[in-house]
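In: Following is a predicted model, sequence given first.
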Amino acid sequence: MQSTARGEGRRLAARHRNIELGLLALAVAVCLAGHIDASLAMTDKLPPGLLVHGLSLGALVAVAHLAVRRFAPYADPLILPLGVFLTGFGLMLLDRLDVSYKAAHPLKGDYQKLPAAPGQLMWTFIAVAAALALIVFVKHHRFFQRYVYVMMAGALILLTAPIFSPTDSFGAKRWIKLPGLPSFEPDEFVKVAITIFFAGYLMASRDALALAGRKVWGMTLPRGRHAGPVLAIWAVSLMVLIFERDLGTSLIFFGVFVVMLYVATERTSWVVLGLLMAVGGAAVVGTVEPHVHGRVEAWLHPLDYFPPVNNQAISAQPAEALFSLGTGHMTGTGLGSGRPWLIGFAGRSDFIFTTIGEELGLAGVTAVLLVYVLLIQRGLRTAVGLTDPFGKLLATGLSAALALQVFVVVGGVSGLVPLTGKALPFLAAGGSSLLANWLMVALLIKLSDSSGRTALDPAPTSPEPLPAQPGPAERSAAAGPASPRPGGTLGAGEPLAAGLDPLPGAGPDPAAPPSGPGLTDPGAVTELRPSFGHSPAAPQPNGPQHGAATQHGGAQPSYGYPPVNEQPTHGYGQPPQSPYPQNP
């Protein structure tokens, strides 16, 4: 029965890989169709280099699929196609904007007329290659658990490095510029490394952080000595906000920690405390820091840039973004038929979202946002399916980081929150952002592979089938009829007579099979029902299974996932051994 379940799981995993291949082909076809549509609308010609672009993108996708099929065969079939579609769609939008910028700025010496799509295509190959290297060479996601503090130290160094930069870009210090090397944005890599650290730290400290404290206004607050890590993370996020003037990174950094803290402890008080601290800190910094204050003013009064107010201290881009989104209406003007290039450097910033709103309308905006939501949902489903707390927290943190970044970017462009300057994941130009996001995709693929392997390919409970043990009736027949006696037993394995006491010194029948919590008759027919995210329970000879009622009448706390010292069923260690002795 075990081998039958494993064979069925492997067939289902192969079917998932075939579904993934079909979705990848669909994603590439949709992106190439968008290239053709936009070029025909702008120039009445097919885009130059369409064949080379299509073949190169198709070859890259094929290599990625083969790597996942070989090294992560149980991975979720939607994660890779969703990442490919968003990346290809961003390349199409950048190429469309390059044509318009080149025509609108023929004599200007600024960089807006320089094409962004070729550089983004180069970074696409680098990012996908790095993601495939992670999938191939990292055998299990617990590999990162060994280096959580090393990653934390590296993340803090990268996070604070832009503070010492002598110059800033567009009012914020987010880039590191080294002589002879292209500039890069370290905060994009920090969100990945710090999420790994948070997962390792909260896994080890979740019990202490979940302890109850005093009640205030009907809400149980955490104990003071356990609030230290939250205060430290809050202080670091405020330092980023003050010295680097980077509102987006500060919100994502602190928000991811609060989300993961809630998942680890299931304490609503941590969320309330985190929201109060985030709002209070942002309000203070937004009042005293001129750059952040200007973004807040542009958010509150976007039209004050124009007459009769003529407030030149704020940017015109928030108002221009609203005009662009309003022009799109429901279905948009069509790819290549709008004027999103009127917003300066739209393709190189978060304002690439206005291109979608203007040329594809509300329908296109909704479709793209649903793609993001689906990718986030697959990450959260992976977290539910994992059995180890580190993997659960890591998948949740990566999904939360992606969700928060999409929220702050789309919210800033649409006027819901102040502008943050963060790049829209996968769509906006930027090598650092694209590389970091593809590393997140690779981590989610590895995590979903572990989750799917647990559900579809359960480990055998014993190295060989166990021989059937004789039942009570067979043992009674072999022993012969027993003469009843006062206080004794009528036969091996039969209950004591009602109202009679056992003889002194009488104990359990040595021929009887072992019994106890979690031990069943090995000769009985069992049925394996693999479910997504839950491995089949293995018998435990030394006591009740985790989560079962103890002898004191209570239930062991699980906090939503197994304990840290639970023996894994896959990837590490040996499968659990049978409690029954093997016959020679």
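Out: Arrived safely, thanks for sending.

In: quick one: low-confidence parts of the stretch 401-550 of the chain?
Out: 458-550 (pLDDT under 70).

In: Try it again at 50.
Out: 461-467, 478, 481-550 (pLDDT under 50).

In: for the stretch 1-150 of the chain, same thing?
Out: For the stretch 1-150 of the chain, no range has pLDDT under 50.

In: And for the strand or helix carrying Ile157, what's in contact with it?
Out: Using DSSP states H and E, Ile157 sits in helix 148-160. Residues from elsewhere that reach helix 148-160 (C-beta atoms under 8 Å, 6 or more residues apart in numbering): 144, 186-187, 189-190, 193-194, 196-197, 199-201, 236, 239-240, 249, 253. Backbone N, C-alpha and C define where each C-beta goes, glycine included.

In: show me what contacts Ala72?
Out: Contacts of Ala72 (C-beta under 8 Å, 6+ apart): 135, 445-446, 448-449.

In: Recalculate using a threshold of 10 Å.
Out: Contacts for Ala72 (C-beta atoms under 10 Å, 6 or more residues apart in numbering) come out as 13, 17, 79-80, 135-136, 442, 445-450, 452-453.

In: give the contact list for the closest residue to it other than its chain neighbours.
Out: Using C-beta to C-beta, 6 or more residues apart in numbering and skipping residues adjacent in sequence, the residue nearest Ala72 is Asp449, 3.9 Å away. The contact partners of Asp449, taken as C-beta under 10 Å, 6+ apart, are 13, 68, 71-76, 79, 135, 140-141, 382, 571.

In: coming back round to it: now the helix or strand following the helix holding Ile157: buried residues?
Out: As assigned by DSSP H and E, the chain's next helix or strand after helix 148-160 is helix 186-209. Within helix 186-209, the residues scored as buried using 16 or more other C-beta atoms under 10 Å are 186-203, 206, 209.

In: residues contacting Arg17?
Out: With contact set as C-beta under 10 Å, 6+ apart, Arg17 has these partners: 65-66, 68-70, 72-75, 77.

In: Any figure for the gap between it and Ile445?
Out: Using C-beta to C-beta, to the nearest Å, we find Arg17 at a distance of 12 Å from Ile445.

In: what residues do these two have in common as contacts?
Out: 68, 72, 75.

In: now, which of these sits nearest Gly274?
Out: Ala75 (32.0 Å; C-beta to C-beta).

In: three-state assignment of the closest one?
Out: coil (DSSP: H, G, I helix; E, B strand; the rest coil).

In: State the helix or strand in which the residue lying closest to it once chain neighbours are set aside lies.
Out: In space, and not counting its chain neighbours, Ala75 is closest to Asp449: 4.2 Å by C-beta to C-beta, 6+ apart. Using DSSP H and E, the element containing Asp449 is helix 431-456.

In: Pretty sure Ala400 sits against Phe253.
Out: No. Applying C-beta atoms under 10 Å, one finds Ala400 not in contact with Phe253, separated by 11.4 Å.

In: Can you work out which residues contact both of those two?
Out: 191, 195.

In: how far off helix 186-209 does whichever strand or helix holds Gly248 point, in degrees?
Out: Using DSSP H and E, Gly248 maps to helix 247-265. With axes from the mean of the first three to the mean of the last three C-alpha atoms, to 10 degrees applied, the angle from helix 247-265 to helix 186-209 works out at 30 degrees.

In: Could I get the buried residue list for helix 247-265?
Out: In helix 247-265, counting by 16+ other C-beta under 10 Å, buried: 247-265.

In: buried set for the helix or strand that contains Leu374?
Out: Here Leu374, judged by DSSP H and E, is contained in helix 352-385. The neighbour-count criterion (16+ other C-beta under 10 Å) identifies 352-361, 364-365, 368, 371-372, 375-376, 378-383, 385 as the buried residues of helix 352-385.

In: got it, and stretch 136-146?
Out: Taking 16+ other C-beta under 10 Å as the criterion, stretch 136-146 shows 140-142, 144-145 as buried.

In: Turn those into TSV, including secondary structure.
Out: Formatted as TSV, those follow (three-state DSSP):
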residue	secondary structure
His140	coil
His141	helix
Arg142	helix
Phe144	helix
Gln145	helix
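
In: Out of those residues, the closest to Leu300 would be?
Out: Nearest to Leu300 among those, with distances taken as C-beta to C-beta, is Phe144, at 41.9 Å.

In: Identify the residues contacting the residue nearest to that closest one when sequence neighbours are not counted.
Out: What sits nearest to Phe144 in space, not counting adjacent residues and going by C-beta to C-beta, 6+ apart, is Ile196, at 5.0 Å. The contact partners of Ile196, by C-beta under 10 Å, 6+ apart, come to 141, 144-145, 147-148, 150-152, 155, 390, 393-394, 397-398, 443.

In: what do you get if the cut-off is 8 Å, keeping everything else the same?
Out: Going by C-beta under 8 Å, 6+ apart, the list of residues near Ile196 reads 144, 148, 151, 394, 397.

In: same check, this time on Asp350
Out: 409, 412-413, 419-424, 428.

In: Next, count neighbours for the closest residue to it other than its chain neighbours.
Out: In space, and not counting its chain neighbours, Asp350 is closest to Val409: 4.5 Å by C-beta to C-beta, 6+ apart. For Val409, the neighbour count with other C-beta atoms under 10 Å is 26.

In: picking up where we left off before, mind putting the contacts of Ile196 into a markdown table with distance to Leu121?
Out: Output for the contacts of Ile196, formatted as a markdown table (distance: C-beta to C-beta, whole Å):
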| residue | distance to Leu121 |
| --- | --- |
| Phe144 | 30 |
| Val148 | 34 |
| Met151 | 30 |
| Leu394 | 30 |
| Gly397 | 30 |
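
In: for those, which one is nearest Ser432?
Out: Using C-beta to C-beta, the contacts of Ile196 come closest to Ser432 at Met151, 17.1 Å.

In: how much space between that closest one and Leu159?
Out: Distance from Met151 to Leu159, by C-beta to C-beta: 12 Å.

In: How about Thr268?
Out: 29 Å.

In: Ok, Phe197 next?
Out: 12 Å.

In: No further questions, thank you.
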